[in-house]
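> any chance you can model this:
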Amino acid sequence: MQTLDLPQTSRAQQFDFNNFSFGETPTDHLFLAEYKGGNWSSLGVQPFQNLTLSPFALCFHYGQTVFEGMKAFRLADGSISIFRPDKHYDRLSKSLDRMSMPVLPRPLFLEGLTDVILQGQAWLPTDRTDIALYIRPFVIATEARLGVKVSSEYLFAVACTPIGEYYDKPLRVKVETQYARAAEGGAGYAKFGGNYGGAFYPTQKAVEAGFDQVIWTDAKTHECLEEAGTMNIMMYVHGTLVTPPVSSSILDGITRNSIIQIAKDLNIPFEERAISCKELQGNFKNGDRVELFGVGTAAIVSPIACVQIDDTDYFPFTETDAVMFTLKNELEAIRRGKKKDKHNWNYLIS
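Numbers count the residues shown, from 1 in each chain. Have a look, this model is predicted:
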């Protein structure tokens, strides 16, 4: 590992962990690696800094930007772990492959995560069980050349920022039936910039109308739920947890996968199948107790308090005895070392 004039004291000592907005404050360090001549090479941990790129860098023009969202935690015994890095590496590799970008060697990926977090462990205070480090690994095309082509040069970086609760209240969402996030056969399963840029316009229109997020429906018929903005979508009804199956248009969420496994561990009946808008409306009209919630790395488990379908508002169950909170608490207990990690999800680095 290379290091270049790393800060001797951390800005975490002056940081107000009681009053901050997610994503605005980076930790003190950055890990960099570059791809040139067909090979990846580590540039090591460096002070957090701006990147210098040519205006012709292909990442600015043709969409070759891929990233992940992960978390690191201070466990109950004081050690530090990264949550499910192997699963995130697999998804990052699929995204890179879909965008015709070179896959990172697994050891390089883990080196970047581990080195930045160990250098920034002051950002995981031992007395704050509500704080985690959000990790942003990303790869961008850096070849300086205009022209629609696959880049021959890339930069891999890992940056971190502290995170508490991503959403601080239950959400009001709209089922989107006009615009589509992704279609089957496209790149909806890849975590790359274009998927998010294309979603901004309909999401912003929903926000202006008083919603927090949208629930995307399938691009072909707009009849079935797919994702909930920045999260996968789940429903608990009639004693069963239900979520749409992953596909080429749905991101394979790591939190989604973890919640499914926890539900199985707790003997909660589970179904992976399509959820139609008509089915959801029917449940509400029948007076069924319906829990509707999003799951994701940043959001964890976010209850939906109001969902609008075809201009009609419906109100899912969000009281404290909801099953979704049992699932969330179980996940948090595992990630923070308060319960046995029988699936080996926590990757210990200290």
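
> contacts and neighbour counts: CA atoms only from here.
OK.

> packing partners of the lengthiest helix in the chain?
Criterion DSSP state H: the longest helix present in the chain is helix 193-208. Under the contact definition 3 or more Cα pairs under 8 Å, 6 or more residues apart in numbering; DSSP states H and E, helix 193-208 sits against strand 65-67, strand 213-217.

> for it, could you pull out the residues that count as buried?
Across helix 193-208, burial judged by 16 or more other Cα atoms under 10 Å covers 194-195, 199, 202-203, 206-207.

> follow-up on the earlier one: which of the helices and strands packed on helix 193-208 is buried the deepest?
Across the helices and strands packed on helix 193-208, the average number of neighbours (mean count of other Cα atoms under 10 Å) peaks for strand 213-217, which reaches a mean of 26.

> what does the helix or strand just after it rub up against?
Proceeding C-terminally, strand 213-217 gives way to strand 225-228 as the next helix or strand, assigned by DSSP states H and E. Residues from elsewhere that reach strand 225-228 (Cα atoms under 8 Å, 6 or more residues apart in numbering): 175, 213-218, 232-233, 244, 250, 274-277, 294.

> so the following helix or strand past strand 225-228 versus strand 213-217, what angle?
Sequence order places strand 231-237 as the next helix or strand after strand 225-228, per DSSP H and E. Strand 231-237 and strand 213-217 meet at an angle of 80 degrees, taking axes from the mean of the first three to the mean of the last three Cα atoms, to 10 degrees as the criterion.

> strand 231-237 pairs with which strands?
The strands beside strand 231-237 in its sheet (DSSP bridges) come out as strand 225-228 (antiparallel), strand 240-243 (antiparallel), strand 291-296 (antiparallel).

> ok, how many other residues are close to the closest residue to residue 295 other than its chain neighbours?
With sequence-adjacent residues excluded and distances taken as Cα to Cα, 6 or more residues apart in numbering, residue 295 is closest to residue 301, at 4.6 Å. When counting by other Cα atoms under 10 Å, one arrives at 26 neighbours for residue 301.

> likewise residue 72?
Count around residue 72 with other Cα under 10 Å applied: 29.

> which helices and strands sit right next to the host helix or strand of it?
Using DSSP H and E, residue 72 maps to strand 70-74. For strand 70-74, the packing partners by 3+ Cα pairs under 8 Å, 6+ apart come out as strand 80-83, strand 132-141.
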